[in-house]
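Student: sharing a model that was predicted from the sequence below.
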Amino acid sequence: MLNPNLEEIQLSKDDYERYSRHIILPEVGVEGQKRLKAASVLCIGTGGLGSPLLLYLAAAGIGRIGIVDFDIVDHSNLQRQVIHGTSWVGKPKIQSAKNRILEINPFCQVDLYETRLSSENALDIMGPYDVVIDGTDNFPTRYLTNDACVLLNKPNVYGSIFRFEGQATVFNYEGGPNYRDLFPEPPPPGLVPSCAEGGVLGVLPGIIGVIQATEAIKIILGTGNTLSGRLLLYNALDMKFRELRLRPNPERPVIEKLIDYEQFCGIPQAKAEEERKRQTMSEMTVQELKQLLDSGTNDFVLIDVRNPNEYDIAKIPGSVLVPLPEIEEGPGVEKVKNLLNGHRLIAHCKMGGRSAKALGILQEHGIEGTNVKGGILAWSREVDASVPEY
C-alpha cells in the first residue's frame, strides 16, 4: 500500500498536533503524514536494532506495526534494547515492545507474532505489510527475510551490528540489489562471533536502528535518496561513515521458493560435527570441578580461554587465563604445554563452546584435556551465585 488512496485517510485534530513538526516540512506535509498513517511496517526482532527503530516508527505516526519475536526480556538486554524496561525482565519482548509503542502512539495498530520466523510462516506473516525491516542477528533468518521479500516484492531495510561497527542498506527496492548480492553464500558456522561472545557498544544499535527507521520512512514518503545500492558502514570508535556501492549480480540464482535456511547455512552439519567432537572429548560438570578444587589435589591445570576483559568480570578460583586467540595463533599452545608440566588439563570458557574449540586445537598438538560443561555461566548458576553473570 505504498500508493494508498489518500482521500480515504483522514488526519484527526490529535494527529495535526502530534505530527505538527512533520507536517510543516514541505517534503512531508499533510499528504506525507497521511502516507505514514496508511502505511504498515513489519519488524523482525525486538532486540538491539528493533528497539530504537520501533520507537521512532511509532513516534512518526506509522499506522500499523507488526513485530516478530519469541524471546523474553533479560537483564543483559537492557544495556542496548531500549524499548524494554526492568519491570519487563522475564516477560515476552513483543508484549514489552507493544506496551511501549502504545505509550508513544496509542493510535497505532500493533500486530504481534510470538513465533520463530520460518519458511512455513514467513510469506503469510510478511504479506500484509508495505515494508519489512530486518532487525535479526543470525544468518539463517537474514537469508529467509531476504528471500521472502524478493518473492513478495517487498523492500527490505537491513542493518547489522558488532562490537563498535554497524552497517545498513535497503534491499530489493526499485530494482536494486538484495542480500544475496552482498553475501552470495553464508560464512561457515561459528566464524562470525555473536554479540554475546564479542560484545557490542550499547549505543551502536541505536544509531543503526534509527538509520533503518529513517530509510523506512523515506520509502513510505517517496522522498529523498534511499540506501538502495549503497552499503553504509559506520565505525563508532573513529566516528566515521563510509559507503560501498552495491549492484545486482546478473548471475545470481533466481529465488523461486523458500528453503531450509538452517541447512543452507550449514548449522545442522556444524552441530553434528560439534556433537561428534564432544562425544570423543572428555567432559566434566561444574559440580565435579568444584569437588576437584575442594579436594586440594594439585595434579591438574585449569585454563580459562575467554578474553582478558571477560576474565576481569568473573573467574573460577585457581584458573589460568590463556585466551582462545592465543591458542589459535600458536603461542598459547606452547604456554599450555609449559603450564602442564605433566599435569592433566581442564579448560573452560563462558558456556563451553570456545573451550571445546581450544581443546580441539590442543589435541592436534598432542595435548588431551577435559572440557567444563556450561562454562562459567553454569558455575555461577549451579555452584557459586556470587560469580557475576554477563
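Tutor: Looks like it came in fine.
Student: for the stretch 151-300 of the chain, what spans make up the strands?
Tutor: Along the stretch 151-300 of the chain, counting by DSSP state E, counting those that start in this stretch, strands occupy 156-162, 165-171, 230-235, 240-245, 282-284, 300-304.
Student: list the residues that contact the spatially most central residue of the chain.
Tutor: Taking C-alpha atoms, centre = their mean, the centroid of the chain lies closest to D137, which sits 2.3 Å from it. For D137, the contact set (C-beta atoms under 8 Å, 6 or more residues apart in numbering) comprises 45, 47-48, 160, 194-195. C-beta: built from backbone N, CA, C; applies to glycine.
Student: phi first, then psi, for it.
Tutor: phi -130, psi 20 (degrees, to the nearest 10).
Student: distance check, it against I24.
Tutor: Applying C-beta to C-beta, to the nearest Å, the value for D137 to I24 is 38 Å.
Student: circling back to that earlier point, which one of the strands of the stretch 151-300 of the chain lies nearest to R80?
Tutor: Nearest to R80 among those is strand 156-162 (8.8 Å), distances taken as C-beta to C-beta.
Student: so how many other residues sit close to A196?
Tutor: 12 (other C-beta atoms under 10 Å).
Student: quick one: pLDDT of it?
Tutor: Predicted confidence (pLDDT) for A196: 75.
Student: out of the contacts of D137, which end up buried?
Tutor: Neighbour counting with 16 or more other C-beta atoms under 10 Å marks 45, 47-48, 160, 195 as buried within the contacts of D137.
Student: pick the one among those residues closest to E215.
Tutor: Relative to E215, the closest of the buried ones among the contacts of D137 is S160; by C-beta to C-beta it sits at 14.0 Å.
Student: beta partners of that closest one?
Tutor: Note on S160: beta-bridge partners by DSSP bridges are Q167.
Student: quick check: the gap between I72 and D111.
Tutor: Distance, I72 to D111, using C-beta to C-beta: 19 Å.
Student: grab the longest helix from this structure for me.
Tutor: Under DSSP state H, the helix in the chain containing the largest number of residues is helix 204-221.
Student: is I94 in contact with G45, as I believe?
Tutor: No. Counting by C-beta atoms under 8 Å, I94 sits too far from G45 to count as a contact (9.9 Å).
Student: pretty sure V41 sits against P128.
Tutor: No. Applying C-beta under 8 Å as the test, V41 and P128 come out as separate, 10.8 Å apart.
Student: so the two - more neighbours on which side?
Tutor: V41 (27 against 12).
Student: got the CA positions of the strand or helix carrying the more buried one in PDB?
Tutor: According to DSSP states H and E, V41 maps onto strand 40-44. Taking C-alpha atoms only, strand 40-44 is exported to PDB below (Å, rounded to 0.1, in the frame of the first residue of the first chain):
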ATOM      1  CA  SER A  40       2.300  -0.800   7.500                       C
ATOM      2  CA  VAL A  41       5.800  -1.900   8.600                       C
ATOM      3  CA  LEU A  42       6.900  -5.400   9.900                       C
ATOM      4  CA  CYS A  43       9.900  -5.600  12.100                       C
ATOM      5  CA  ILE A  44      11.700  -8.900  12.500                       C
END
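Student: any common contacting residues for I94 and G45?
Tutor: With contacts defined as C-beta under 8 Å, 6+ apart, the residues adjacent to both I94 and G45 are 68-69.
Student: not counting its neighbours along the chain, what's nearest N298?
Tutor: Leaving aside its sequence neighbours, N298 sits nearest to H343 (C-beta to C-beta, 6 or more residues apart in numbering; 7.7 Å).
Student: OK, contacts around the one you found?
Tutor: 298-301.
Student: with R245 instead?
Tutor: Applying C-beta under 8 Å, 6+ apart, the residues near R245 are 229-231.
Student: now swap in L324 and tell me
Tutor: Residues counted as contacts of L324 (C-beta under 8 Å, 6+ apart) are 305-306, 332, 349, 354, 357-358.
Student: before we move on, what about K337?
Tutor: Applying C-beta under 8 Å, 6+ apart, we find K337 in contact with 365, 367.
Student: and it, what's its pLDDT?
Tutor: 94.
Student: what strand or helix carries it?
Tutor: Going by DSSP H and E, K337 is part of helix 331-340.
Student: report the angle between that helix and strand 300-304.
Tutor: If you take axes from the mean of the first three to the mean of the last three C-alpha atoms, to 10 degrees, helix 331-340 sits at 150 degrees to strand 300-304.
Student: and the next element down the chain from helix 331-340?
Tutor: strand 344-348.
Student: now the helix or strand that that following strand is followed by, how far from the centre of its chain.
Tutor: Per DSSP H and E, the first helix or strand lying C-terminal to strand 344-348 is helix 353-364. Here the centre of helix 353-364 is set off from its chain's centre by 26 Å, with C-alpha atoms, centre = their mean, to the nearest Å.
Student: give the other helices and strands that helix 353-364 contacts.
Tutor: Under the contact definition 3 or more C-beta pairs under 8 Å, 6 or more residues apart in numbering; DSSP states H and E, helix 353-364 sits against helix 267-280, helix 324-329, helix 331-340, strand 344-348, strand 369-372.
Student: kindly recompute the last result at 7 Å.
Tutor: Packing partners of helix 353-364 (3 or more C-beta pairs under 7 Å, 6 or more residues apart in numbering; DSSP states H and E): helix 267-280, helix 324-329, strand 344-348, strand 369-372.
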